[in-house]
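# Mind looking at a prediction? Sequence and model below.
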Amino acid sequence: MKGDVSTMMIHHAKQLTATVLSSAALLLILSPVTVGAADTTGAAAGGVGPGDSGYNLSADTTVTATANYFAATTTAGAVAKSTAEFSVLGGALELTAVPDLSFGQVNAGTILNGGDQKLTNNTVTTPSDTAKVTSKNFSANDGNSGGALVVDDLRGTGAGWNLTTQLGASFTAPDAAPLTGITLSLNAPATAQIGNADTLKLAATGIGTEAAKVVTAPSGFGIGRTSWSLTGPDAAGLHFAPQSVNVPANAIYQTDITWTLSTGA
């Protein structure tokens, strides 16, 4: 009888030991799944990102084993966001192009008795062995033959600007008396990079030897590039007051056109 009891106790002890070992094995198997699982939310260690104000990668200038990180999963890639930036360096208020204006051949009667002459083109005579002139490439070197008048406001302030125009004291030709009392008119629509181009239309008459305001860009207008094309017959004209001096045939009369760009409106 005693032998049977001992045998039963040994058998029970073996069962208990087996149960404990089985439970331990179960815990070992289950623990990786239920304890310390990766957090796959966005802004968290091991999450897929991107970061927020609470958890992000901004301090990770040197990569270490303890650095914050986002982890790619089988269903989502790791995402992080950084910032691109630039600042604006303001430029200048620039007078970029001014046109030459040729009014072609004018009848002597128009000059002597008074009258008007429209623009012909933008190619004026340059000095040569056969052509004697008094302005082009002497006192005036900036005019272009494309009829382009261009202002670039790169200041970034939108503060506005003014453009004035004036003629020289007289139209002159070699070996001829100077002609005075001649005035210029300008008329051309603007092409504006920013803002209403109608506000910047070039429109002025009676431009003489005193500076005349031909364009005003109010505050907030004329920003970036503003341009005018002075190429057609209606874009410019000369008005002649009657003259009392001889005008030699084939004489080439010229005068400077001074364009002045200034700040303010």
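Yep, it's here.
# so where's the stretch 1-150 of the chain shaky on pLDDT?
1-40 (pLDDT under 70).
# Contacts only, for the residue nearest in space to the middle of the chain.
Geometric centre of the chain, nearest residue: residue 224, 6.1 Å, by CA atoms, centre = their mean. Residue 224 makes contact with 152, 153, 154, 192, 193, 194, according to CB atoms under 8 Å, 6 or more residues apart in numbering. C-beta here means a position set from N, CA and C on the backbone, and glycine is covered the same way.
# Please give me every residue in contact with the fifth one.
Going by CB under 8 Å, 6+ apart, residue 193 touches 223, 224, 225, 226.
# how many neighbours does residue 165 have?
21 (other CB atoms under 10 Å).
# Determine the three-state secondary structure at the residue nearest to residue 76 when sequence neighbours are not counted.
In space, and not counting its chain neighbours, residue 76 is closest to residue 48: 4.6 Å by CB to CB, 6 or more residues apart in numbering. When classified by DSSP: H, G, I helix; E, B strand; the rest coil, residue 48 comes out as coil.
# my guess is residue 48 meets residue 77, correct?
Yes - if you go by CB atoms under 8 Å, residue 48 and residue 77 touch, sitting 7.0 Å apart.
# More neighbours: those two, which one.
residue 48 (20 against 10).
# Check the gap between that one and residue 75 for me.
9 Å (CB to CB, to the nearest Å).
# Residue 112 belongs to a helix?
Yes - counting by three-state DSSP, residue 112 is located in a helix.
# Okay, the closest residue in space to it that isn't next to it in sequence and residue 113: tell me how far apart.
Nearest residue to residue 112 in three dimensions, chain neighbours excluded: residue 243, at 5.4 Å (CB to CB, 6+ apart). Using CB to CB, residue 243 is found at 8 Å from residue 113.
# more neighbours, the two?
Neighbour totals were compared for residue 243 and residue 113, and residue 243 leads with 20 against 12 (other CB under 10 Å).
# That one contacts residue 111, correct?
Yes - Residue 243 lies in contact with residue 111 (CB under 8 Å); the separation is 5.6 Å.
# Return every residue with contacts to both of these two.
Counting by CB under 8 Å, 6+ apart, the residues touching both residue 243 and residue 111 are residue 179.
# tally of neighbours for residue 61?
So residue 61, with other CB under 10 Å, has 7 neighbours.
# tell me the SS of it?
Looking at residue 61 with three-state DSSP, the answer is coil.
# where along the stretch 51-200 of the chain do the strands fall?
93-99, 115-118, 143-144, 148-153, 161-167, 182-188, 190-192 (DSSP state E, counting those that start in this stretch).
# quick one on the thing from earlier: narrow the contacts of residue 193 to those in strands?
The members of these that map onto strands under DSSP state E are 224, 225, 226.
# closest to residue 140 among those?
residue 226 (22.5 Å; CB to CB).
# Determine which two of the contacts of residue 224 are furthest apart.
Most distant of the contacts of residue 224, by CB to CB, are 154 and 192, 14.3 Å apart.
# Quick check: residue 234 vs residue 73, distance?
In terms of CB to CB, residue 234 sits 71 Å off from residue 73.
# any residues touching stretch 119-135, and which ones?
Under CB under 8 Å, 6+ apart, the answer for stretch 119-135 is 99-104, 136-138, 143-147, 168, 172-175, 230-237, 252, 254-256.
# go again using 6 Å as the cut-off
Residues outside stretch 119-135 that contact it (CB atoms under 6 Å, 6 or more residues apart in numbering): 99-104, 136-137, 145, 147, 172, 174, 233, 235-236, 252, 254-256.
# Go through it and flag the buried ones.
119, 122, 124, 125, 133, 134, 135 (16 or more other CB atoms under 10 Å).
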